[in-house]
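[1] using only what follows, build the 3D model:
(chains A and B)
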Number of protein chains: 2
Amino acid sequence: LPTIEAANEEALRRLLAGEPVLVDVIPAAQAIPELSDRMILHAGPPIEWERMCGPLRGAIMGIAVFEGWANDLDDAARKAAAGAFAFHPNHHFGAVGPMTGMTTPSQPVMVVENRAFGNRAYCAINEGLGKVMRFGGNDAGVLDRLRWMRNVLGPTLGRALRETGGIPLKPLIARGLTMGDEMHQRNVACSSLLMRQLAPMLAQTARLTDELAACLAFIGGNDQFFLNVAMAMGKALTDPARNIAGSSVVTAMSRNGTDFGIRVAATGDRWFTAPVEMPAGIFFPGFSERDANPDIGDSAIVETIGLGGFAMAAAPAVVGYVGAGRASQAAAFTRAMSEITVGTNPAWTIPAMDFAGVPTGIDVRLVVETGVAPTINTGIAHREPGVGQVGAGVVKAPLKCFEDALVAFAETMGVA
Amino acid sequence: LPTIEAANEEALRRLLAGEPVLVDVIPAAQAIPELSDRMILHAGPPIEWERMCGPLRGAIMGIAVFEGWANDLDDAARKAAAGAFAFHPNHHFGAVGPMTGMTTPSQPVMVVENRAFGNRAYCAINEGLGKVMRFGGNDAGVLDRLRWMRNVLGPTLGRALRETGGIPLKPLIARGLTMGDEMHQRNVACSSLLMRQLAPMLAQTARLTDELAACLAFIGGNDQFFLNVAMAMGKALTDPARNIAGSSVVTAMSRNGTDFGIRVAATGDRWFTAPVEMPAGIFFPGFSERDANPDIGDSAIVETIGLGGFAMAAAPAVVGYVGAGRASQAAAFTRAMSEITVGTNPAWTIPAMDFAGVPTGIDVRLVVETGVAPTINTGIAHREPGVGQVGAGVVKAPLKCFEDALVAFAETMGVA
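    I've put the predicted structure just below:
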């Protein structure tokens, strides 16, 4: 047991020692050289076409058309079923993506560098709300937006970021936590703060006034713009904690809409999966739980680093948005998460809790022992391809993932 | 008494019915035609040079040089003492100003229009932190900044605002309250949100790329940029509640560094003054209470509309900044203020208090009856001219203002 405590301390040390910096926006093919033609990265643990849920299929059909690998959505579906595309998790290539999480060669990705460890992580740019590909949207409007993001927004952001020398994210998150963000379903503060830092550099590096104004309007019109930055940061912070012998700390939580999967420090890149649960939440007008797809996305990486549901106390306004009760009870979620984590983050504190640090480093032993599952704040996609977001809610990570992980972890410790 | 209740309901109705919109930035001489040569508007109730505190004198010396009315600071002081300048409160001309609150003809002022009542109010642009004129700073750097604000920032902001058709402030404040602002000592959320809305229009209307980048950097680098907008809004919202017979609701609270003054609906433009108190707070490194000037500024207009100290519960992070105790106790301040107000504002709510509205409409009767003085979150200026900000704190409005106002109010009701 002293070995485990020491290994978990090391895992926590690495999570807290990271220095994530948003450094660039570049095409995914450049960020991830292994990303070849007809290869599609998706959210969650590995899954084949046959088992994929509606919105994931919808996004794949759309992105195949976007990349020029199919003539239309039907053609894309046929080709996907016939094995024309290679599907892999984002997590296998240093990437993450919200909801369906499409990452393909020509999409621009944001690059977060963890300067304390030298690793990089990637996430596509947030498309905004409404009918968008991450929620399974794939119509002409969705694809046109992705083309503009590829041709204008991505290059414009990349030029500005390279000129800044990079934007340190740790202090940005610290401020966001004093401004009602939990960085999963509420990112309005960090989105605004990021834009405030970027705008002068965008002004100096944009090619055309109209492009500049359009980029500023797009970023400024999207309260969730920062989510994808937070996710790339989460991946950049957790990757150095992979492969620590003896550590039972979770290094990834992720969902593909069918399975929930986790990874643990001591068991490296192995996934422990279970059927994903249905979020409990609030539905947009005209939709109900009958329309909902089970939980999906790599975004639970933010809970893995102590944000999202773990930082609910910082964001009382989000409690109602995700249908989790009274705003004044926000701290109860954070306190519950401190029962299953190995420490707190002194750099990311919550004013309303007298600046207590966010609970950090989920210990599979504590999850199994207490039966308290990690709380994840999540968006809810329609179950059919092509529809989009229908609500937001809270979902529990399935305990089975942690039970299986604990068994495998015990085996690494020589306990049969 | 039924008359008083009805009159106070009407005062509250007017405070809540306002529709403040930030519409323009124009030279003060254009906004306030009565603002003639050698006329200097200042914060607080009326005061003559002889009784003015250090920072107010320092600002007057500086602004006289800025306007070309004096060759240097000494010349300005001599002229001021000799009666060369006409001093008047901002409040007498539809204006407000933070701390020393200088308003002179060539300074650009932000224009807030209350579209429900048709009135307008004005406030100069926030200069940023450190050595600035509102804290009594007056050296070459301070004056150079004011010149750039007059020549570049003001005109650039004015062009962008006119193009937007105006930015509605009520929803902006509502969001800010969910993001940790109380709009007095914490304006980082609203400053960021405002910039997010303005940036695309700034991009389209700026004359030069360098000017655009400099304006974006200036606004983006100033967490208190929005304070002056909130103040102009406060003045625009309270002015329609002046002159309501039978109403004991406060329509202005303001300080000139020597006197604290209030105005009450039923007694119109009459000031009730008392010696201003010393803020209790936190001092910047190298400074102490011995360096502090007593309370100063028109900024308490934000408390008059339920923000600042009255909305402390929305801004737990500000509690420590102003040295008022533990962040988790923020709600206690807001609850105390609800004891002296006639109602709450359903449009401006506090998530952590389960979306209770901010306490609004200070009743002089309740202040005198309870002995609970309005709590004001304030910056602290150095007592000497030319130094600047030395801290931030909380100050109580002197009870004597309210006692005197109550006597005068009783007289308007025929009670001798």
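
[2] wait, what's in contact with the residue nearest to A:R383 when sequence neighbours are not counted?
    Counting by C-beta to C-beta, 6 or more residues apart in numbering or on different chains, A:R383 lies nearest to A:N293, which is 4.2 Å off, once chain neighbours are set aside. Bear in mind the C-beta positions are built from the backbone N, C-alpha and C, glycine included. Residues counted as contacts of A:N293 (C-beta atoms under 8 Å, 6 or more residues apart in numbering or on different chains) are A:53-55, A:136, A:257, A:380-383.

[3] mind checking pLDDT for A:N293?
    Predicted confidence (pLDDT) for A:N293: 95.

[4] before we move on, what about A:P385?
    89.

[5] quick check: the residue nearest to A:R383 vs chain B, distance?
    Between A:N293 and chain B the distance is 28 Å, computed by C-beta to the nearest C-beta, to the nearest Å.

[6] tell me the backbone dihedrals of that residue, please.
    Main-chain torsions, A:N293, degrees, to the nearest 10: phi -90, psi 150.

[7] re earlier: in JSON lines, list the contacts of A:N293 along with neighbour count and distance to B:V152.
    Putting the contacts of A:N293 into JSON lines (neighbours: other C-beta atoms under 10 Å in any protein chain shown; distance: C-beta to C-beta, whole Å) gives the following:
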{"residue": "A:C53", "neighbour count": "24", "distance to B:V152": "54"}
{"residue": "A:G54", "neighbour count": "17", "distance to B:V152": "54"}
{"residue": "A:P55", "neighbour count": "29", "distance to B:V152": "49"}
{"residue": "A:G136", "neighbour count": "32", "distance to B:V152": "47"}
{"residue": "A:G257", "neighbour count": "29", "distance to B:V152": "52"}
{"residue": "A:I380", "neighbour count": "30", "distance to B:V152": "47"}
{"residue": "A:A381", "neighbour count": "34", "distance to B:V152": "47"}
{"residue": "A:H382", "neighbour count": "23", "distance to B:V152": "49"}
{"residue": "A:R383", "neighbour count": "17", "distance to B:V152": "54"}
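
[8] tell me who's in contact with the closest residue to A:F310 other than its chain neighbours.
    Leaving out its chain neighbours, the residue that sits closest to A:F310 by C-beta to C-beta, 6+ apart is A:M337, at 4.4 Å. Listed by C-beta under 8 Å, 6+ apart, the contact set of A:M337 reads A:309-310, A:359, A:372, A:374-375.

[9] what about A:M337, distance to chain B?
    Per C-beta to the nearest C-beta, A:M337 is found 18 Å from chain B.

[10] same check on A:R326?
    6 Å.

[11] which pLDDT value belongs to the residue lying closest to that residue once chain neighbours are set aside?
    Spatial nearest neighbour of A:R326, excluding adjacent residues (C-beta to C-beta, 6+ apart): B:D354 at 5.5 Å. You'll see B:D354 listed with a pLDDT of 96.

[12] and if you look at the one 4 residues further on?
    The pLDDT attached to B:V358 in the predicted structure is 98.

[13] now find how far off-centre the helix or strand where it lies is within its chain.
    Under the criterion of DSSP states H and E, B:V358 resides in strand B:356-362. Computed by C-alpha atoms, centre = their mean, to the nearest Å, the chain-centroid distance of strand B:356-362 equals 18 Å.

[14] so what are the sheet partners of it and their directions?
    Within its sheet, and counting by DSSP bridges, strand B:356-362 is paired with strand B:341-350 (antiparallel).

[15] average pLDDT for the partner strand, rounded please.
    On average, strand B:341-350 scores 98.

[16] return it as CSV; C-alpha atoms alone will do.
    Presented in CSV, the C-alpha positions along strand B:341-350 are these (Å, rounded to 0.1, in the frame of the first residue of the first chain):
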residue,chain,number,x,y,z
THR,B,341,-34.2,48.3,0.5
VAL,B,342,-37.7,48.4,-0.7
GLY,B,343,-37.5,45.5,-3.1
THR,B,344,-35.4,43.3,-5.3
ASN,B,345,-34.6,43.3,-9.0
PRO,B,346,-36.0,40.2,-10.8
ALA,B,347,-33.8,41.0,-13.9
TRP,B,348,-30.5,40.9,-11.9
THR,B,349,-30.3,37.7,-9.9
ILE,B,350,-27.6,35.9,-7.9
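
[17] so which bits of that strand are buried?
    Within strand B:341-350, the residues that qualify as buried are B:341-345, B:348-350, counting by 16 or more other C-beta atoms under 10 Å in any protein chain shown.

[18] in CSV, list these along with distance to B:Q389.
    Compiled in CSV, these are given as follows (distance: C-beta to C-beta, whole Å):
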residue, distance to B:Q389
B:T341, 29
B:V342, 34
B:G343, 34
B:T344, 32
B:N345, 30
B:W348, 27
B:T349, 31
B:I350, 28
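
[19] and of these, the nearest to chain A?
    Distance to chain A, by C-beta to the nearest C-beta, is smallest for B:I350 among the buried residues of strand B:341-350, at 8.7 Å.

[20] tell me which parts of the stretch 301-416 of chain A are close to chain B?
    A:316-317, A:319, A:326-328, A:330, A:351-355 (C-beta under 8 Å from any C-beta of the partner chain).

[21] now do the strands in the stretch 201-350 of chain A.
    A:250-256, A:259-264, A:272-275, A:280-283, A:296-297, A:341-350 (DSSP state E, counting those that start in this stretch).

[22] name the strands paired with the fourth one and say parallel or antiparallel.
    Okay, so that is strand A:280-283. When DSSP bridges is applied, strand A:280-283 pairs with strand A:389-396 (antiparallel).

[23] the first one too?
    Using DSSP bridges, the neighbouring strands of strand A:250-256 in the sheet come out as strand A:259-264 (antiparallel), strand A:296-297 (antiparallel).

[24] residues of the stretch 101-250 of chain A that sit close to chain B?
    Counting by C-beta under 8 Å from any C-beta, the stretch 101-250 of chain A comes close to chain B at A:175, A:178-181, A:188-189, A:191-193, A:195-197, A:199-201, A:203-204, A:206, A:209-210, A:212-214, A:216-217, A:219-220.

[25] circling back: tell me which two in the residues of the stretch 301-416 of chain A next to chain B are the farthest apart.
    A:R326 and A:F355 (22.7 Å; C-beta to C-beta).

[26] neighbour count: those two, which is higher?
    Neighbours were counted for A:R326 and for A:F355 using other C-beta atoms under 10 Å in any protein chain shown; A:F355 has more, 17 against 13.
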